[in-house]
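In: Any chance you could fold what I've pasted below:
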Amino acid sequence: MLAEGDTKGWDFWKKNAADTAEVGCKWIVQAGYPSKDIKSLSDVKRLADQFNKCGEIAKANGLRFAFHNHVDEFHELEGKIPFDVMIENTDKGLVTFQIDTAQLVYGGFKCHDYVNRYPGRFANWHLKDANADGKGSTEMGAGIVDFKSLFAVAEKAGLEDYFIEQERYNMTPLQAMKHDYDFLMNASYVKW
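Out: Now for the predicted structure:
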């Protein structure tokens, strides 16, 4: 989160967006939530305001801005879930949310429930299967993420793009990539 009056931070965002557009990217994504800086819902709302400004900068450069969640955004603060507060306080036309499927599940929620709660806010997905032991990721289809229910609400989410991430392996990384690719190609419910 940028400090109040931090013009250098905004200069960075403007240059980053211009550079990202120049290389032909579609998305510019903020990964992570500055949990050490978030002490209140007022801080979360200030972050949401900054995301709106990031979205404006992205749009001015022909990009889309997305926020990539981790588990911290699902820890209750002052009786509310910060992830909800961020969604409710950002402009749908400027900010989308990149679901990290494993992190959302580790946060105690189901991905498709979030899509149903906030339709049109999840145009970008970071597909990752969650180990049942609560530690890291595994090959797609081997963990506890309900991909079938998530893809069932893809249209409602406003899905445009998705990416696969895997951090832990039960095989070599190349074998895992093939496994994950085959999983997506063979799952009848996956939308392309």
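In: average pLDDT for stretch 110-129?
Out: Throughout stretch 110-129, pLDDT has a mean value of 97.
In: now that stretch, how far from the centre of its chain.
Out: Remark: stretch 110-129 is offset 8 Å from the chain centroid, using C-alpha atoms, centre = their mean, to the nearest Å.
In: Dump that stretch to PDB, restricted to CA.
Out: The C-alpha trace of stretch 110-129 is given here as PDB (Å, rounded to 0.1, in the frame of the first residue of the first chain):
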ATOM      1  CA  LYS A 110     -15.200 -22.100  -2.100                       C
ATOM      2  CA  CYS A 111     -14.300 -20.400  -5.300                       C
ATOM      3  CA  HIS A 112     -17.700 -20.800  -6.900                       C
ATOM      4  CA  ASP A 113     -19.400 -19.300  -3.900                       C
ATOM      5  CA  TYR A 114     -17.300 -16.100  -4.300                       C
ATOM      6  CA  VAL A 115     -18.200 -15.900  -8.000                       C
ATOM      7  CA  ASN A 116     -21.900 -16.300  -7.100                       C
ATOM      8  CA  ARG A 117     -21.500 -13.600  -4.500                       C
ATOM      9  CA  TYR A 118     -19.700 -11.200  -6.800                       C
ATOM     10  CA  PRO A 119     -20.600 -11.900 -10.400                       C
ATOM     11  CA  GLY A 120     -18.500 -10.300 -13.100                       C
ATOM     12  CA  ARG A 121     -15.600  -9.600 -10.800                       C
ATOM     13  CA  PHE A 122     -13.300 -12.500 -11.600                       C
ATOM     14  CA  ALA A 123     -12.100 -12.200 -15.200                       C
ATOM     15  CA  ASN A 124      -8.800 -13.800 -14.500                       C
ATOM     16  CA  TRP A 125      -8.100 -17.000 -12.600                       C
ATOM     17  CA  HIS A 126      -4.900 -18.500 -11.200                       C
ATOM     18  CA  LEU A 127      -5.700 -22.200 -11.100                       C
ATOM     19  CA  LYS A 128      -3.900 -24.100  -8.400                       C
ATOM     20  CA  ASP A 129      -5.000 -27.200  -6.600                       C
END
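In: Look up the closest residue to residue 136, ignoring the ones flanking it.
Out: Leaving aside its chain neighbours, residue 136 sits nearest to residue 168 (4.1 Å; criterion: C-beta to C-beta, 6 or more residues apart in numbering). C-beta coordinates here come from the backbone N, C-alpha and C atoms, glycine included.
In: what ranges of the protein fall below the confidence cut-off?
Out: The model of the chain has pLDDT under 70 over residues 1-7, 192.
In: Which stretches in it count as strands?
Out: With strands called from DSSP state E, the chain shows them at 27-31, 64-68, 95-100, 124-127, 129-130, 137-138, 161-164.
In: So which elements touch the fifth one?
Out: When contacts are defined as 3 or more C-beta pairs under 8 Å, 6 or more residues apart in numbering; DSSP states H and E, strand 129-130 sits against helix 101-106, strand 137-138.
In: Repeat that for the third one.
Out: Taking 3+ C-beta pairs under 8 Å, 6+ apart as contact, the helices and strands that strand 95-100 lies on are helix 41-60, strand 64-68, helix 82-88, strand 124-127.
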